[in-house]
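Asker: the following comprises the amino acid sequence and a computationally predicted model.
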Amino acid sequence: MDQKLRHFYLEAQIKNAPPGQLLIMLYDGLIDHAERADAEMSSPGKPNDPSAAARAISCCINIMTELTSSLRPNVDPVLCNTLRNLYLFFTKEFSEAFDKREPKRIRAILPLIRELRNAWSEAYRRSGQAQALVA
């Protein structure tokens, strides 16, 4: 697919997605970029060119920042505090994985990120079913 067309399609998806779907999209992007960073750092063919890994890590940290800023402590302070601490931990691990060239740090947190993504996806799915029952 042409890069411009792909960008246009993604932008349209984002603009038209409900908040729950946007959250899942952020997690999907986070997982994708984390896997890319892991692959780039683990690649024996590119030990002296960290630019692709740096871009992927930067995207991960940007997504973590977006997830953190989307928290609403007035809705559930305890959950938001827990998630904020978890997001801070993930951000630190991404940063240190790159700084120390330790992709195993990314591999260690990816299962947790996938679990969170799946939990939010299930919550979103169930909220849609609940809305369908009320409507």
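Answerer: Thanks, I have it. Residues are numbered from 1 along each chain as shown.
Asker: could you pull up the residues touching Arg55?
Answerer: Counting by Cβ atoms under 8 Å, 6 or more residues apart in numbering, Arg55 makes contact with nothing. Where C-beta positions appear, they are placed from N, C-alpha and C, glycine not excepted.
Asker: in which helix or strand does it reside?
Answerer: Element membership for Arg55 (DSSP states H and E) is helix 51-69.
Asker: what residues of that helix count as buried?
Answerer: Ala53, Ala56, Ile57, Cys59, Cys60, Ile61, Ile63, Met64, Leu67, Thr68 (16 or more other Cβ atoms under 10 Å).
Asker: top helix in this protein by residue count?
Answerer: Scanning the chain for the longest helix, with DSSP state H as the assignment, gives helix 103-134.
Asker: mind checking how far that one is from the chain centre?
Answerer: Taking Cα atoms, centre = their mean, to the nearest Å, the mean C-alpha location of helix 103-134 is offset from the chain mean by 11 Å.
Asker: tilt between that helix and helix 51-69?
Answerer: Counting by axes from the mean of the first three to the mean of the last three Cα atoms, to 10 degrees, helix 103-134 lies at 40 degrees to helix 51-69.
Asker: list the contacts of the most centrally placed residue in the chain.
Answerer: For the chain, the residue nearest the mean C-alpha position is Leu30 (2.5 Å; Cα atoms, centre = their mean). By Cβ under 8 Å, 6+ apart, the contact set of Leu30 is Cys60, Ile63, Met64, Leu67, Ile113, Arg117.
Asker: give me that answer again for 7 Å
Answerer: Shown in contact with Leu30 (Cβ atoms under 7 Å, 6 or more residues apart in numbering): Cys60, Ile63, Ile113.
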